[in-house]
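# I need the structure of the sequence given here:
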Amino acid sequence: AAKTAEVPPESEADRLARETETYERSGQFKAAADRYEALSRGSGIDAEWALYRLGKLRERHLGDSEGALGAWRDHQRRFPAGSLRQEAHLSIVETLVRLGRNKEALGEAERFLARYPNSERQGELARIKERLQP
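Here you go, the predicted model:
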């Protein structure tokens, strides 16, 4: 008889990520946000990814710019060396610009350029900074 490989049980993080994607695809954005929040309370790449995506979902689909900024700032605090740190920081700058909070956006753009001098997004941030300067 052929042996069948045992499939490891699904982790809580995997279950939440799968549910989140299902809710998001079907337009159930509040339910997706709830799952992202739960997933973000964990640690590691799953939590980092969830915080970043929570910000995007709040900004794009829930009309909650302040909530999005909160998620990305939490990302900065919890994952200062995370793989999505530049994207989270850029999202903060872009959202502040959209909200017309130009002085705050300028400060964030300057911090980005100082923190990531070799970023592939440096030119984009330099242009934003130039537009925002009085």
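
# Once you drop chain neighbours, what's closest to the residue nearest the centre of the chain?
The centroid of the chain falls nearest to Tyr52 when counting by C-alpha atoms, centre = their mean (1.5 Å). The shortest distance from Tyr52 to any non-neighbouring residue, by C-beta to C-beta, 6 or more residues apart in numbering, is to Leu84 (4.6 Å). For the C-beta atoms, the positions are set from N, CA and C on the backbone; glycine is no exception.

# cool, Tyr36 as well?
Leu54 (3.9 Å).

# And for Glu37?
Leu54 (6.3 Å).

# And whichever strand or helix holds that neighbour, what's buried?
Secondary structure assignment for Leu54, by DSSP states H and E: helix 44-61. For helix 44-61, the buried set under the neighbour-count rule, 16 or more other C-beta atoms under 10 Å, comprises 46-59.

# Quick one: mean pLDDT over it.
Averaging pLDDT along helix 44-61 gives 95.

# ok now that helix, how far from the chain's centre?
Here helix 44-61 shows a centroid-to-chain-centroid distance of 4 Å under the convention C-alpha atoms, centre = their mean, to the nearest Å.

# residues making contact with it?
13, 16-17, 20, 24, 29, 32-33, 36-37, 39-42, 64-65, 67-72, 74-75, 78-79, 82-84, 87-88, 91, 95 (C-beta atoms under 8 Å, 6 or more residues apart in numbering).

# Understood, closing this out.
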